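Trainee: okay, predicted coordinates and the sequence, questions at the end:
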Amino acid sequence: MKTIATFCRVCEPSCGLVAQVEDNIVQRLQPDRNHPVSQGFACHKGINYLAIHQDPDRLDYPLQREGSRQPGEGQWHQQDWDSAIAAVGDQLAQIRDQYGADAIGGYIGNPTAFNALGSQGIGEFFMGIGSRRIFNSGTQDCSNKFAAGEAVFGTSTLHPLPDIDNTDCLLIFGENPKVSHMSFISIADPMAKIRAACQRGARVFYINPRRIESASPKTGEVIQILPDTDFYLMAALLHEIDALGRFNQAVLRDHGNHVDELREVIAPYSADSVADVVGLSAGDIRTLADTFSAAKRASVHMSTGVNMGRQGTLCYWLLQMLSFVTGNLDREGGNFYSEGFYPAAKAGRARPDDSLFFSTRYGELRHIRGALPSNLLPDMILDDDNPVRALVVIAGNPLLSVGGEDRWRQALEKLDLLVVIDLFRNATGEYAHFLLPSADMLERPDINICGLGMQYRPHVQYTDAVVPPAHQRKEEWWILSRLLQRMGLSAPLLEQTPANPFGRLEHMMSRHQLDVATLKQAPSGTVVLDTQPIGRLYRDFVQTDDKRVDCCPPLFAEAITLARQQFDALKHTAPPFRLITLRTNYMHNSWYQNVANLKRGQHDHNPLHMNPQDMASLGLADGDHLILKNEYGEVMAQARGDDSLRPGVVAMTHGWGNQKTPGLTVANRYPGVNINALLPHGPGSFEKLSNQAFMSGIPVTIKAAGKFA
């Protein structure tokens, strides 16, 4: 039996793994105890990936459908690759020639972010076709950060990290590191660092609507805010810090623009004015502002719980302001930029036309890192004057991960061509004309490009394929390149670097004298880079024309006005219940929906978690059926008491809802509820600045519906 070092590609830390392999079959995955960065840490996501790799429901051969395209209907016929590429490529070319490039759309799922050659191949594919109708999962969880970074720092790829090792006070908004780890920071075992920080006396505060698992006497405390009100709390913190005279005037003078305009924005949001809206006492808000601003070294971080609200971009802006105005940006113990093996901040610099909106029948739109709002894709299929007629879905499942399930089903049925490139026949794939089987992370070589510019400890790592792709599975870049060739278009990855598809990445690494051959010889395939000194952010990484931080970007004016209107509405009328997403160890987006090992006991479905007081007021007990309803949809779920939630807040895990997915045996047996059926969709359902969908703090009504039979 061979032991092969590799690394996880489920989330950003890319933790080291070792695979036990015999006869080209992976027998076991374990943490790599010799990995120089993750040092033997790997969470359940990496270890349980073996179940995905070995799943008998995996796609093994190209499949073409005949007959009905309803889920579970029609006939699937196995094809060889040449036949499948010819059939798909010819149909794409015909649609492009007859209706134009924008008649072809693309939806790109989250796993592609952790696939170096796949992401490059996707870019080449859609650039080659010339379509502007590109959508991705980023508009479901993080596009607000790209929009805010671009406006504040002049680049969408500058995201300062909290210096947990040296901080004295850390504010974490909308994130549960113990369960979901951390996003937009590549850090193995974040709880160990947080625990160590608290042990040496640092204060850690989790601002969250739940009393989350991360909080404990040894790891910090929860400030239990109401959902989707973080902007008002951040504004109040800034207001109170300014009132204390703790804005760092030297930093503002030397590095900031529009400081007076920032003060105008926060002026109405005193602790007293926001207290009722955010669900905290004015005294507690002032105490938090004092604690943070009095700390010798303070840092901040924010994740999807805030990103998914109505003001995600504004929140990420004010988060940066909390660091900047207190002098904690670009200093030890505050927030710092981690450069990595390539100057990502410079590469993400805003071009002059990047922020321009264009008029459409859906209102003014913009691309964020090349993507339109995924919430509009069904509309562009069903209602557009020039509709999307062909859709290529790569490692994604928009039917269940984007709001408006019923409308998605209508849209997918209408397509002239739906091509799904995936490991499985998922819920979206049930409507496909063609299913093209992709290799998984153990079946392909890779480089950890995803965490570039966000690594707590900068490093580069390479892995060969642990085992060859089984059956006729192929890497995504190869499939897309072959399709381009069939369409008569250039396929650079296949044609220009056939012997070394990593040529572009090797060029990026060359400034550190690294290449694939060097990485292969390194322990665990990993080279740890020298840590760069803090103190270069304003000079070397901020990309605005004058190298100054924009403390109140003019682009935000309309959103700031809207936030004030929403604040006034919340002052007068609060929704009866607000729905948030619940992170668990038993589901990661929809990646682990078909893993039997994670469907044990009470985790075989996704109940609605409610405060026991709310359950009692509705006459509900654990196990009762209930109906959740709002203007967007209605679902039935099971009630579960959860005193970690404050009254009026309910929570449910997403990634479920596979009643009509026979291609996933386990997920179909334990389908759960698609909570995204209750999300806003269509025009007005996303943040205009960033295309980020509204997915948290969603108003719902609840009524009892009886017990399980």
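Mentor: That came through fine.

Trainee: okay, CA-based contacts and neighbour counts for the rest of this
Mentor: Noted.

Trainee: could you find the closest non-adjacent residue to M380?
Mentor: Using CA to CA, 6 or more residues apart in numbering and skipping residues adjacent in sequence, the residue nearest M380 is P387, 5.4 Å away.

Trainee: residues in contact with the one you found?
Mentor: A103, M380, I381 (CA atoms under 8 Å, 6 or more residues apart in numbering).

Trainee: could you check the pLDDT of the nearest residue to P62 once chain neighbours are set aside?
Mentor: Leaving out its chain neighbours, the residue that sits closest to P62 by CA to CA, 6+ apart is L436, at 4.7 Å. Per-residue confidence (pLDDT) for L436: 99.

Trainee: got a list of contacts for the host helix or strand of L436?
Mentor: Here L436 sits within strand 434-437, counting by DSSP states H and E. With contact meaning CA under 8 Å, 6+ apart, strand 434-437 is reached by 59-65, 88, 418-425, 429, 472-474.

Trainee: so the residue nearest to M380, which of the three states?
Mentor: Each residue gets one of three states, and P387 gets coil by DSSP: H, G, I helix; E, B strand; the rest coil.

Trainee: next, give phi and psi for it.
Mentor: Dihedral angles of P387 (phi, psi; degrees, to the nearest 10) stand at phi -70, psi 160.

Trainee: check which residues of the longest helix along the chain are buried.
Mentor: Taking DSSP state H as the criterion, the chain has its longest helix at helix 81-99. Buried residues in helix 81-99, counting neighbours by 16 or more other CA atoms under 10 Å, are found at W81, A84, I85, A86, V88, G89, D90, Q91, L92, A93, I95, R96.

Trainee: tell me what it is packed against?
Mentor: With contacts taken as 3 or more CA pairs under 8 Å, 6 or more residues apart in numbering; DSSP states H and E, helix 81-99 sits against strand 104-108, helix 476-486.

Trainee: quick one: mean pLDDT over the last one.
Mentor: What it means is helix 476-486. Confidence for helix 476-486, expressed as mean pLDDT, is 98.

Trainee: same for it, what does it pack against?
Mentor: helix 81-99, helix 116-129, helix 492-495.

Trainee: who wins for proximity to K45 among these?
Mentor: helix 116-129 (19.6 Å; CA to CA).

Trainee: hmm, who's touching the closest one?
Mentor: With contact meaning CA under 8 Å, 6+ apart, helix 116-129 is reached by 96, 101, 106, 112-113, 134, 446-450, 475-478, 480-481, 484, 489-493, 501-502.

Trainee: which stretches of the protein have low pLDDT?
Mentor: For the chain, applying pLDDT under 70 flags the ranges 353-355, 706-709.

Trainee: and the buried ones among the contacts of helix 116-129, selectable in ChimeraX?
Mentor: Applying 16+ other CA under 10 Å to the contacts of helix 116-129, the buried members can be selected in ChimeraX as follows:
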select :96,101,106,112,113,134,446,447,448,449,450,475,476,477,478,480,481,484,490,491,492,493,501,502
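
Trainee: so S180 sits right up against R583, yeah?
Mentor: Yes. Between S180 and R583 a contact is recorded at 6.7 Å, counting by CA atoms under 8 Å.

Trainee: re the thing from before, for the strand holding L436, C-alpha coordinates in CSV please.
Mentor: Output in CSV follows, covering the C-alpha atoms of strand 434-437 (Å, rounded to 0.1, in the frame of the first residue of the first chain):
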residue,chain,number,x,y,z
PHE,A,434,-26.1,16.0,-21.6
LEU,A,435,-24.2,14.9,-18.5
LEU,A,436,-20.4,15.0,-18.7
PRO,A,437,-18.5,13.2,-15.9
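
Trainee: residues touching stretch 673-684, excluding its own?
Mentor: Residues outside stretch 673-684 that contact it (CA under 8 Å, 6+ apart) are 362-363, 375-376, 378-379, 400-406, 605-606, 629-637, 652-658, 693-695, 698.

Trainee: likewise for stretch 403-414?
Mentor: Around stretch 403-414, the neighbours that count as contacts under CA under 8 Å, 6+ apart are 69-70, 375, 378-379, 381-382, 389, 399, 418, 428, 431, 632-633, 676-681.

Trainee: and if we set it to 7 Å?
Mentor: Here stretch 403-414 makes contact (CA atoms under 7 Å, 6 or more residues apart in numbering) with N375, P378, I381, L382, L399, Y431, N676, A677, L678, L679, P680, H681.

Trainee: what's the answer for stretch 528-548, then?
Mentor: Residues from elsewhere that reach stretch 528-548 (CA under 7 Å, 6+ apart): 153-155, 255-257, 330-332, 336-337, 345-346, 349, 458-460.
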